[in-house]
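1. need a 3D model of the following:
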Amino acid sequence: MIPREPLEALTRGPAAFLRSSWPWRSAGYLLAGGLPGVACGLAVAGVAASWARIGAVTAVVCALLVLGCATVAARPWERRRLRLVAPHTTTYAPQPLAKPYAREIGHGALSVLALGWVDLAVVLVSLGIPGALLAAPLQPEAPPWVRLGGPLAGALLLPVAAYPIAAWAGARAAVSLAVLAPGDAELTEVRRSRARLVDAYEAERRRIERDLHDGAQQRLVALTMKLGLAGLDLPAGSRAAREVAEAHRMAKDALTELRELIRGVHPQVLTERGLPAAVRDVATRSAVPADLDIDLERRLPPAVEAAGYFAVCEALANAARHSGAARLRVGGRLSGGVLVLEVIDDGRGGADPAAGTGLTGLADRVAAVDGRMLLSSPVGGPTRLRVEIPCGG
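-> Okay, here's the model as predicted:
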């Protein structure tokens with residue numbers, strides 16, 4: 001499964017977690033969290049240093065203004081840094097008179113006064129201990145056993161430091177998201193808007209497919225037939241016959257390419273016969289032999305069928321390009337109103353969504369219809385890709 005936040009990444013094996021970007025992203029998130037507090041602290045320290053010159057009342061007013069500015073600035077800053085550890089989560093900025101506004105202001109003040117400093121402390125303590133041990137040879141007053149054993153102990157503790165950093169980053173992000181993420185009404189509207197966009201997108205794809213199928217493809221078929229008939233009326237071996245034969249071949253190639261394009265836009269078999277038939281069609285053209293086990297007792301919403309179809313297409317293409325598999329298994333079923341599709345290959349494994357294999361785009365396509373993608377791909381295989389899409393009923 002592709003981790004979507006630090007606490008989820010911690011549940012993976014140590015090797016997978018430490019190789020991922022989550023330790024660095026978590027550390028960056030926490031360090032960024034301390035910046036508003038540090039800036040506010042420096043400004044307040046400057047005001048305090050001028051206490052005797054500007055007077056107590058003026059100093060207090062200036063300190064409160066600094067705190068207020070830092071609190072207001074902490075809100076958009078928190079949204080920006082959340083992208084490091086919660087890139088798939090939506091946040092929104094309420095208007096000043098909206099109910100969540102006061103809650104966000106309180107959260108910003110708490111971050112500036114306390115939580116930001118805790119963020120810095122977690123990073124500094126977690127990295128400071130192994131850092132001090134690694135620097136032991138540079139401390140001539142330290143005992144010889146410390147100078148010799150310190151670097152080894154520091155090297156062993158450095159990977160361990162990633163765990164408290166990621167754990168606190170996940171907890172901090174959860175608190176921030178509870179304050180900044182949209183409420184139920186906003187989430188409902190976002191889901192409805194996304195559903196409308198997906199439906200409109202699929203309707204446009206089907207319209208393009210119909211226009212290509214009924215227009216350009218039919219004209220190319222007629223042209224190919226006319227060229228074939230024209231070639232029969234020409235003397236065999238003549239230059240004109242060769243030119244017409246070449247034009248006939250080019251027209252057939254163009255027709256083949258157009259059919260592949262139509263199938264990529266929105267395959268007609270998916271519209272007419274549904275997801276099982278469309279998956280069987282694409283599996284027969286797969287470069288890796290595939291065994292099918294798809295049992296769906298009814299037609300599904302068009303957006304769900306399209307998302308499932310293109311998920312299988314992308315999984316088959318990835319297996320052919322990257323896995324070195326000799327065999328594939330494609331399964332599909334309905335389980336409690338959820339379409340479950342699985343593609344399993346016997347290849348080398350080690351699939352990484354961050355390596356540009358199309359898995360991130362596939363996860364985004366599935367998420368657009370409120371689905372999710374799960375991936376298991378240990379080194380050595382097998383790779384199991386599972387897609388779950390709610391479809392009602």
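
2. show the average pLDDT along stretch 219-236.
-> Across stretch 219-236, the average pLDDT comes to 74.

3. what's that stretch in contact with?
-> Residues outside stretch 219-236 that contact it (Cβ atoms under 8 Å, 6 or more residues apart in numbering): 240-241, 244-245, 247-248, 251-252, 254-255, 258. Bear in mind the C-beta positions are built from the backbone N, C-alpha and C, glycine included.

4. which positions within that stretch qualify as buried?
-> Across stretch 219-236, burial judged by 16 or more other Cβ atoms under 10 Å covers 220, 223-224, 227, 231.

5. what about those residues, which are in helices?
-> Among those, DSSP state H puts 220, 223-224, 227, 231 in helices.

6. turn those into CSV, columns for distance to Val288.
-> Output for these, formatted as CSV (distance: Cβ to Cβ, whole Å):
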residue, distance to Val288
Leu220, 31
Leu223, 35
Thr224, 31
Leu227, 36
Gly231, 38
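
7. what are the phi and psi angles of the closest residue to Arg299 other than its chain neighbours?
-> Spatially, and ignoring its direct neighbours in sequence, Arg299 is nearest to Gly274 (5.2 Å; Cβ to Cβ, 6 or more residues apart in numbering). Dihedral pair for Gly274: phi 100, psi -180, per degrees, to the nearest 10.

8. and the closest residue to Val312 other than its chain neighbours, how far from Gly237?
-> Leaving out its chain neighbours, the residue that sits closest to Val312 by Cβ to Cβ, 6+ apart is Val279, at 5.3 Å. Distance of Val279 to Gly237, computed by Cβ to Cβ, to the nearest Å: 47 Å.

9. between the two, which one's more packed in?
-> Val279 (28 against 7; other Cβ atoms under 10 Å).

10. mind jotting down where the strands sit in the protein?
-> With strands called from DSSP state E, the chain shows them at 290-295, 328-335, 338-345, 372-376, 383-390.

11. so what pLDDT did the closest residue to Val369 other than its chain neighbours get?
-> Closest residue to Val369 apart from its sequence neighbours, by Cβ to Cβ, 6+ apart: Ala307 at 4.8 Å. The score at Ala307 is 83. That number is its pLDDT.

12. same question for Gly358.
-> pLDDT at Gly358 comes out at 68.

13. next up, the contacts around the residue nearest to Leu133 when sequence neighbours are not counted.
-> Nearest non-adjacent residue to Leu133, counting by Cβ to Cβ, 6+ apart: Gly154, 3.2 Å away. Going by Cβ under 8 Å, 6+ apart, Gly154 touches 129-136.

14. dump these to a markdown table, plus pLDDT and neighbour count.
-> Shown next, in a markdown table, are the contacts of Gly154 (pLDDT from 0 to 100; neighbours: other Cβ atoms under 10 Å):
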| residue | pLDDT | neighbour count |
| --- | --- | --- |
| Ile129 | 85 | 16 |
| Pro130 | 84 | 20 |
| Gly131 | 84 | 14 |
| Ala132 | 82 | 13 |
| Leu133 | 81 | 19 |
| Leu134 | 80 | 17 |
| Ala135 | 80 | 13 |
| Ala136 | 76 | 19 |
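
15. the closest residue to Val282 other than its chain neighbours: neighbour count?
-> Counting by Cβ to Cβ, 6+ apart, Val282 lies nearest to Cys313, which is 5.6 Å off, once chain neighbours are set aside. Number of residues near Cys313 (other Cβ under 10 Å) recorded here: 20.

16. wait, Cys313 sits on Arg285?
-> No: using Cβ atoms under 8 Å, Cys313 makes no contact with Arg285, being 9.9 Å away.

17. can you pull the residues that touch both of those two?
-> By Cβ under 8 Å, 6+ apart, no residue touches both Cys313 and Arg285.

18. so what's Leu30 closest to, chain neighbours aside?
-> Using Cβ to Cβ, 6+ apart, the nearest residue to Leu30 is Asp119, at 4.0 Å.

19. now do Phe310
-> Closest to Phe310 by Cβ to Cβ, 6+ apart is Arg365, at 6.3 Å.

20. follow-up on the earlier one: can you put the contacts of stretch 219-236 in TSV and add neighbour count, pLDDT and distance to Ile165?
-> TSV is the format used below for the contacts of stretch 219-236 (neighbours: other Cβ atoms under 10 Å; pLDDT from 0 to 100; distance: Cβ to Cβ, whole Å):
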residue	neighbour count	pLDDT	distance to Ile165
Ala240	12	79	76
Ala241	16	76	75
Val244	20	76	72
Ala245	15	77	69
Ala247	15	78	67
His248	19	75	67
Ala251	19	74	63
Lys252	16	72	61
Ala254	15	70	57
Leu255	17	66	58
Leu258	16	62	54
